[in-house]
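*Asks:* Any chance you can model this:
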Amino acid sequence: MIDYLILLSIVTTYIIAVLLTSFNNQYVKLLTIGFALIYFLWGLWHHKKEGSLHLQIILEYLVLAVLGSWLIIGIF
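*Replies:* The predicted structure is shown next:
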């Protein structure tokens, strides 16, 4: 449960930071890349802790982080 609260606080911080810096595309790009990296690392940490870390899960988090950041950067 605490893992998901950590993820929620990371996502909330990212959204607030993007809203506060939406006037500057470079900041949004940096925030998005940083968020994608943190999300990917959080996923690895969470599944390692749960004992369910497999290559398929690593690739899933990697693809989600890359595609999600690509989409957000494309919007801004």
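*Asks:* And the lengthiest helix in the chain, what does it pack against?
*Replies:* Scanning the chain for the helix with the most residues, using DSSP state H, yields helix 25-50. When contacts are defined as 3 or more Cβ pairs under 8 Å, 6 or more residues apart in numbering; DSSP states H and E, helix 25-50 sits against helix 2-20, helix 55-75. In this view, the C-beta of every residue, glycine as well, is placed from N, C-alpha and C.
*Asks:* Average pLDDT for it, rounded please.
*Replies:* If you average the pLDDT over helix 25-50, you get 97.
*Asks:* So which bits of it are buried?
*Replies:* By 16 or more other Cβ atoms under 10 Å, the buried positions in helix 25-50 come out as Val28, Leu31, Thr32, Phe35, Ala36, Ile38, Tyr39, Phe40, Trp42, Gly43, His46, His47.
*Asks:* Among those, which one sits closest to Ser69?
*Replies:* Using Cβ to Cβ, Ala36 is the member of these that sits closest to Ser69, with 4.0 Å.
*Asks:* Output the buried residues of helix 25-50 in CSV; the columns should cover distance to Ile75.
*Replies:* Converted to CSV, the buried residues of helix 25-50 look like this (distance: Cβ to Cβ, whole Å):
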residue, distance to Ile75
Val28, 9
Leu31, 13
Thr32, 10
Phe35, 14
Ala36, 14
Ile38, 20
Tyr39, 17
Phe40, 20
Trp42, 23
Gly43, 23
His46, 27
His47, 29
